[in-house]
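> Model the following, please.
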Amino acid sequence: MSGVLTVSLGANTPQILECSRAACRERATAAIHWRNPKIHGEERRKTWLACDEHLDFLRDYLTTRSFPVEVSPISGEEIVE
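All right, here's what the predicted structure looks like:
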């Protein structure tokens with residue numbers, strides 16, 4: 001699986017980091033960190049993962065609702081073994 005991001009959930013069971021868009025199973029390339037300021041304080045952040053195709057859609061979905069959003073790329077450094 002060279003070049004595929006994975007995380008270990010224990011017992012040597014690797015999982016691919018998948019896009020959070022409904023029905024998408026593509027490899028995530030970005031993490032979208034967001035919060036709903038009406039119900040969450042500054043310290044609370046949620047994270048969605050996005051593939052290249054759905055990054056703009058997911059980011060726009062959140063920013064249209066005036067949620068604070070930060071996007072960061074996912075690199076091989078996020079792999080946990």
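> In this protein, where is pLDDT below threshold?
In the predicted model, the chain carries pLDDT under 70 at residues 1-15, 76-81.
> 90 instead, please
1-16, 40, 42, 75-81 (pLDDT under 90).
> So for the residue sitting nearest the centre point of the chain, what's the nearest residue that isn't a sequence neighbour?
For the chain, the residue nearest the mean C-alpha position is residue 49 (1.7 Å; Cα atoms, centre = their mean). Leaving aside its sequence neighbours, residue 49 sits nearest to residue 28 (Cβ to Cβ, 6 or more residues apart in numbering; 3.5 Å). For the C-beta atoms, the positions are set from N, CA and C on the backbone; glycine is no exception.
> Which residues are in contact with that neighbour?
Taking Cβ atoms under 8 Å, 6 or more residues apart in numbering, we find residue 28 in contact with 5, 17, 18, 19, 20, 49, 50, 51, 74.
> Farthest-apart pair in those, please.
5 and 20 (14.1 Å; Cβ to Cβ).
> These two: who's more crowded?
residue 5 (20 against 17; other Cβ atoms under 10 Å).
> tell me which element residue 56 is part of?
helix 55-64 (DSSP states H and E).
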